[in-house]
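S.K.: Just to be clear, the model below is a prediction. Sequence and coordinates:
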Amino acid sequence: PKFREKTPLIPMQNLKQPISARRIDQILKWAFNLGAQQFDENEPRRASKLRSASAHWLRHSYVTYLLNSGAPLKVVQENAGHSDVGTTMHYRHVAQTDRHEATRTLSLSDLKRKTRQSKCRD
């Protein structure tokens, strides 16, 4: 939806009662299954992952994406509705590529040089 969009993403069926969490889950399951059909033939593993997705998975992905994109921790905490920042920090995952890049920055020659310097001080 666009900013200030008036059309609901999931329209209510009964205007007197809000949509239930169970109904949202059913709608999401339907959407995930529909999306999985696009991958069935060529990427069955991806299709399987999509079929097992849930509302919680979406929430987890959203919070993780915000944190990994550099969004301020306090903003992410408030968006997620966490009273404790520690809960938000559980969502912070170090991307595999970031871990490899950090390791590459410390080359073997740097390690050897630092080891020699350390021995000279002793």
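M.R.: It's in.
S.K.: Please enumerate the strands of this protein.
M.R.: Secondary structure of the chain (DSSP state E): no strands present.
S.K.: which sections of the protein are below the confidence cut-off?
M.R.: Counting by pLDDT under 70, the low-confidence segments of the chain come to 1, 9-11, 94-97, 99-100, 106-112, 114-115, 117-122.
S.K.: try 90
M.R.: Low-confidence regions of the chain, defined here as pLDDT under 90, cover residues 1-21, 23-24, 41, 56, 60, 68-70, 89-122.
S.K.: quick one, longest helix in it?
M.R.: Ranked by residue count and defined by DSSP state H, the top helix of the chain is helix 21-37.
S.K.: So which bits of it are buried?
M.R.: With burial defined by 16 or more other C-beta atoms under 10 Å, the residues of helix 21-37 counted as buried are 28, 32, 36. (C-beta placed from N, C-alpha, C; glycine too.)
S.K.: so Asp40 sits right up against Ala47, yeah?
M.R.: Yes. Distance between Asp40 and Ala47: 4.8 Å, which falls inside the contact criterion (C-beta atoms under 8 Å).
S.K.: the more surrounded of the two?
M.R.: In terms of neighbours (other C-beta atoms under 10 Å), Ala47 is the more surrounded of Asp40 and Ala47; the figures are 19 against 13.
S.K.: The residue lying closest to Asn33 once chain neighbours are set aside: neighbouring residues, count only.
M.R.: Closest residue to Asn33 in three dimensions, ignoring its sequence neighbours and counting by C-beta to C-beta, 6 or more residues apart in numbering: Arg51, at 5.9 Å. By the criterion of other C-beta under 10 Å, Arg51 has 15 neighbours.
S.K.: how about Arg51, what does it touch?
M.R.: Neighbour list for Arg51: 32-33, 36 [criterion: C-beta atoms under 8 Å, 6 or more residues apart in numbering].
S.K.: Tell me how many other residues crowd Ser20.
M.R.: Here the neighbour count serves as a burial measure; for Ser20 (other C-beta under 10 Å) it reads 9.
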